[in-house]
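J.: Sharing a model prediction with you, sequence too.
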Amino acid sequence: MLAFHALVVVLVPAFVWLGFWQLDRAELRSAAVNLQRDNVAADPVAVDQLASVGEDVAPSDRWRTVEATGTWDQENELLLRNRDGSQGVGFHVLTPLVTGDGTAVLVNRGWIERGENAQDTPDAPPVPEGEVQVTGRLQFGETEENTGLRERDGMPEGQIMFVDMGRLAEELPYPIYGGYVELTAQDPVPEEAPERIALREENTGMSASYAFQWWVFSVVAVVGWVVLIRRELRDAREAEENGPGSGDTGDGDAQDPEGPAGPAEPAQSARPNRT
């Protein structure tokens, strides 16, 4: 029973801590929801106002609508593996847009279906020739930590797992802005294009509910613990009252061997007296 008491002493603070941890997560998610709503609604700005070469996009600028003008470089186009679309898992098409000063913006043009197997590299729809103006949502670079993806060896040429800005800056033949843009519109409009990426809306999730559940668990544990202690004390008190030495010392109904009137007198002889 001592082990049970020790377990409760450990679990109750743990449940309380888990509740506050989930509450913190709920507050962070709520902040992300508000940031996304405000940034998506903000007026478009030129990409170079929020992004710069050699630096990633600030988290506070994620989802801002940006604009850029330049020419597509489909020769250095890359396909992002294991990306969801309306028809299942496929690729996202990442194409550099080279601006007038020679700096490129990485633009995620959208989703395409994969080939017969994961090793096939499908052809993405062609890009318009000449100068284009693009509009899209700004995103910071991807890493193993913020995507949960892991880089793989031996992938087909032209395929990557995530938008690793440091690696791409070394491999591409021109400087690139930090982060990338999820395309929402371009002018002129191409005849054929990848499927546009829908905005993945942030939500607060179930963290607040989980926090409440952990605190309920802690209250239930404390109440159950108190009930158990009270029961143990009651059982101990009853055992003490009913233990050895308590109650009558003998059987009150037992008769004295000599009876209540003392010892019986000897019977008189039935022999007659002689005269």
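T.: Thanks, I have the structure now.

J.: CA atoms for contacts and neighbours, from now on please.
T.: Will do.

J.: would A124 count as being in a helix?
T.: No. For A124, which was evaluated using DSSP: H, G, I helix; E, B strand; the rest coil, the result is coil, with no helix membership.

J.: doesn't H92 make contact with it?
T.: No. Taking C-alpha atoms under 8 Å as the definition, A124 is not a contact partner of H92, at 9.3 Å.

J.: Looking at those two, which one has more neighbours?
T.: H92 (29 against 22; other C-alpha atoms under 10 Å).

J.: So which residues of the stretch 51-200 of the chain form strands?
T.: 65-72, 78-85, 88-99, 104-113, 131-139, 159-160, 180-187 (DSSP state E, counting those that start in this stretch).

J.: Next, the residues that contact the shortest one from outside, please.
T.: Contact partners of strand 159-160, identified using C-alpha atoms under 8 Å, 6 or more residues apart in numbering, comprise L78, L79, L80, R81, T121, E151.

J.: Kindly export stretch 154-161 (C-alpha atoms) in PDB.
T.: Taking C-alpha atoms only, stretch 154-161 is exported to PDB below (Å, rounded to 0.1, in the frame of the first residue of the first chain):
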ATOM      1  CA  GLY A 154      20.200   7.400 -53.900                       C
ATOM      2  CA  MET A 155      17.200   9.300 -55.000                       C
ATOM      3  CA  PRO A 156      16.600   9.900 -58.700                       C
ATOM      4  CA  GLU A 157      18.100  13.100 -60.100                       C
ATOM      5  CA  GLY A 158      15.900  16.100 -59.800                       C
ATOM      6  CA  GLN A 159      14.100  14.800 -56.700                       C
ATOM      7  CA  ILE A 160      14.500  16.100 -53.100                       C
ATOM      8  CA  MET A 161      12.800  15.500 -49.800                       C
END
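
J.: Quick check: the farthest pair among the contacts of strand 159-160?
T.: T121 and E151 (17.2 Å; C-alpha to C-alpha).

J.: More neighbours: these two, which one.
T.: It is T121, of T121 and E151, that has more neighbours when counted by other C-alpha under 10 Å, with 18 against 12.

J.: Now for the nearest residue to the more buried one once chain neighbours are set aside, how many residues are close by?
T.: The shortest distance from T121 to any non-neighbouring residue, by C-alpha to C-alpha, 6 or more residues apart in numbering, is to G115 (6.6 Å). Residues lying near G115 (other C-alpha under 10 Å) number 13.
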